[in-house]
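Asker: Just a sequence and a predicted model for now, questions to come.
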Amino acid sequence: MKPLLINTADRGGAAKACLRLHEGLLQQNINSTVLLKNKTNNQIAETYQISLQAIERTLKTKITTKTLNILKELKLYKPKSDNFISNRPKGLEMFSYPNSKINLLKSDLYQNADIINLHWVADFLDYKSFFQYNKKPVVWTLHDQNPFSGGEHYTEKYLGIDKSGYPIKRIITKTEQNKFAEILKIKKEALSNFDNLHIVALCYWMANEVKQSEVFGKYPVNIIPNGIDSTIFKPRNKAYSRELLNIPQDKKVVLFVADSISNKRKGYVYLERAFEQLKNKDVILCSIGAKSSILKKNKNIIELGHIADELLMSIIYSAADVFVIPSLIDNLPNTVLESIMCGTPVIGFPVGGIPDMIQDGENGYLTKEISVPALVKTISKFLETSNVFDNDTIRKNAVKKYYLQVQANNYIKLYEQILK
């Protein structure tokens, strides 16, 4: 068995999940390889960047990267702008088109594989040419909604927050509706004659979204959650972890993790407002991700910046009393898996795949709704009842469901079924 896992980059949440699966397959002696458009990490075995021969160039694009960068610095080159994307409301998740100048079928890795496992492939997969000429079975692991949407990576229902702390319903413009319809038509036509496609959803929410999809509705769907290395993400001594991070021992620590707090979908503003309204003043908010001047205004916030090292992240989860994920829409966030694998309970809104991971009252709490008042109430409830949560039990149950080899074995079974 020779699965080829394809992902646009080796950085980001989807990349992390893809590479963890790859490592799990290698540990099971499966001949797995990973094909990337952008490769920055040379520490993971059998991961490769797409060759130049696979990139279809035109006369206009025959220019070296070095020359292009020089022209940009001299302001002699200006990339063609996309009016639709530039005019989208600020704060929305990214938007991607279903076309690419890269021909994945020209890669030697593709030629040598017997099954293709697509992951997050925005700006890497060309729908029309790939599904027209590919003759190999395809598994598509969905890390967001883009593969079957009209271009959005998440079909966000809300944009903004009102004075009372409730989400403001997003208004979809006629221009957006037309663009979504145009892209859906391209995707449906590309897949019209391709039957050997098998969808992997990470959670029940995504599986239901797929079944209602115009693009993927006819294909079989399997639910396989992400896996995680339990030897790295495990409970550490809380007192030592706090001492290492210079976090006060006598405070309750609420953890927030996101690459950027400006991404409205991540819902940081809900946590910020909730934190301001908490009556318990012996609480510190610890933030992981890009530092922001917004956070510096509050003395009870500790910014640790961007953390790439997974061992250090496990120490941070262990230092916290609770991890709060205020996402307004999400799939199966790696951060929740990491937290419960470290035995740290989680609080989140009841959206996407988060209810799959949080069993209310057992390893955290789900709020009743998406709102600041609901989040304040739930965090306050946790601060009053935190002693009911057992870190060892949270960890034990997480290992049963999300241990790396559980995920790898489920994929191996799926690959074998398809190849037979």
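Answerer: That came in fine, so what should we check first?
Asker: How about the contacts made by the residue nearest to N31 when sequence neighbours are not counted?
Answerer: Of all residues not flanking N31 in the chain, K2 sits nearest, at 4.8 Å (Cβ to Cβ, 6 or more residues apart in numbering). Where C-beta positions appear, they are placed from N, C-alpha and C, glycine not excepted. Listed by Cβ atoms under 8 Å, 6 or more residues apart in numbering, the contact partners of K2 are 31-33, 112-115.
Asker: Then D392?
Answerer: Residues in contact with D392 (Cβ under 8 Å, 6+ apart) are 235, 343.
Asker: any idea how far N363 is from it?
Answerer: Per Cβ to Cβ, to the nearest Å, D392 is found 11 Å from N363.
Asker: same deal with I6?
Answerer: Distance, I6 to N363, by Cβ to Cβ: 33 Å.
Asker: Helix, strand or coil: sort out L304 for me.
Answerer: strand (DSSP: H, G, I helix; E, B strand; the rest coil).
Asker: whoops, E243 was the one
Answerer: E243 is classified as helix under three-state DSSP.
Asker: Next one: it from G364, what distance?
Answerer: 25 Å.
Asker: the more surrounded of these two?
Answerer: Each of E243 and G364 has its neighbours counted (other Cβ atoms under 10 Å); G364 has more, 26 against 12.
Asker: re the thing from before, pick out whichever of I6 and N363 has more residues nearby.
Answerer: Just comparing I6 and N363: by other Cβ under 10 Å the higher neighbour count belongs to I6, 28 against 23.
Asker: Contacts only, for S386.
Answerer: S386 makes contact with 252, 321-322, 345 under the criterion Cβ under 8 Å, 6+ apart.
Asker: Out of those, who's the most crowded?
Answerer: Among the contacts of S386, P345 has the most neighbours (other Cβ under 10 Å), with 24 neighbours.
Asker: and the gap between that residue and I379?
Answerer: Counting by Cβ to Cβ, the gap from P345 to I379 is 11 Å.
Asker: picking up where we left off before, can you flag which of the contacts of K2 belong to strands?
Answerer: 33, 115 (DSSP state E).
Asker: CSV for the contacts of K2, including pLDDT?
Answerer: Output for those, formatted as CSV (pLDDT from 0 to 100):
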residue, pLDDT
N31, 96
S32, 97
T33, 97
N112, 95
A113, 97
D114, 95
I115, 97
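Asker: Where do the strands of the stretch 51-200 of the chain begin and end?
Answerer: 115-118, 138-142, 158-161, 167-169, 197-201 (DSSP state E, counting those that start in this stretch).
Asker: Of all these, which one is nearest A308?
Answerer: With Cβ to Cβ as the criterion, A308 lies closest to strand 138-142 of the strands of the stretch 51-200 of the chain, at 22.8 Å.
Asker: can you give me the strands in the stretch 251-400 of the chain?
Answerer: Assigned by DSSP E, counting those that start in this stretch, the stretch 251-400 of the chain shows strands spanning 252-257, 283-288, 301-305, 322-325, 346-348, 364-366.
Asker: Just give the closest residue to N222, not the sequence neighbours.
Answerer: Distance criterion Cβ to Cβ, 6+ apart; nearest residue to N222, sequence neighbours excluded, is V200 at 5.2 Å.
Asker: Surely the one you found and H143 touch.
Answerer: No - counting by Cβ atoms under 8 Å, V200 sits too far from H143 to count as a contact (9.9 Å).
Asker: ok, now how distant is the closest residue to T367 other than its chain neighbours from G165?
Answerer: In space, and not counting its chain neighbours, T367 is closest to A374: 4.1 Å by Cβ to Cβ, 6+ apart. When distance is defined by Cβ to Cβ, A374 is 9 Å away from G165.
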